[in-house]
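Student: quick one, what's the 3D model for this:
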Amino acid sequence: MSIYQYSVVPAPTKGLKAKGIKSPEARFSNALEDLMNRMGNGGWEFQRAETLPSTERVGLTGSTTEWRNVLVFRKPRIDNIAAFSPGVFIAPITTDEEPEFKADEQLDPERPAGGEGATQMLIDNGAEELNEVASMTDSLQSLTARRSSVNSST
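Tutor: Residues are numbered from 1 along each chain as shown. As a prediction, the model looks like this:
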């Protein structure tokens with residue numbers, strides 16, 4: 001599915017008069033500027049100008065090829081907003097208690113607290129716990145208990 005919708009409009013063929021604009025080139029530029037500003041106010045972004053062939057009838061049985069100048073604009077599709085599904089984040093409950101983890105604590109007692117190796121990374125051992133509760137750490141269990149007590153007291 002395309003994420004943009006397009007609008008193709010004929011390029012101006014005549015200039016647009018305005019106060020102080022005298023030459024044909026300036027009038028043509030004014031007409032082009034006016035068209036582009038009107039499209040931009042509608043949310044359309046200019047992409048490019050194209051010259052394309054158009055087969056047209058001439059008389060009863062004849063046809064001819066005319067070359068048409070068009071301007072291509074695009075803007076995001078409105079129906080794509082429905083496809084966007086942002087994640088929902090729950091705000092943490094704030095309490096007056098001090099946090100359990102302090103920035104200067106070491107996660108791994110074998111590594112030094114500063115300098116090289118100061119950034120700690122959790123290592124995945126490749127095993128998955130089937131029971132979600134069994135994988136909870138003490139700090140998560142205490143956080144759950146605190147939140148439960150706060151929720152039950154309100």
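
Student: so in the chain, where's the weakest helix or strand by average pLDDT?
Tutor: helix 80-83 (a mean of 60; mean pLDDT, DSSP states H and E).

Student: and the strands in this structure?
Tutor: Applying DSSP state E to the chain gives strands spanning 4-10, 45-58, 62-76.

Student: as TSV, the ones you listed with mean neighbour count, distance to Phe28 and mean pLDDT would be great.
Tutor: Backbone N, C-alpha and C define where each C-beta goes, glycine included. Output for these, formatted as TSV (neighbours: other Cβ atoms under 10 Å; distance: least, Cβ to Cβ, whole Å; pLDDT from 0 to 100):
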stretch	mean neighbour count	distance to Phe28	mean pLDDT
strand 4-10	12	14	92
strand 45-58	10	13	93
strand 62-76	13	12	93
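
Student: just put those strands in a markdown table and tack on distance to Arg146.
Tutor: Putting those into a markdown table (distance: least, Cβ to Cβ, whole Å) gives the following:
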| stretch | distance to Arg146 |
| --- | --- |
| strand 4-10 | 49 |
| strand 45-58 | 51 |
| strand 62-76 | 44 |
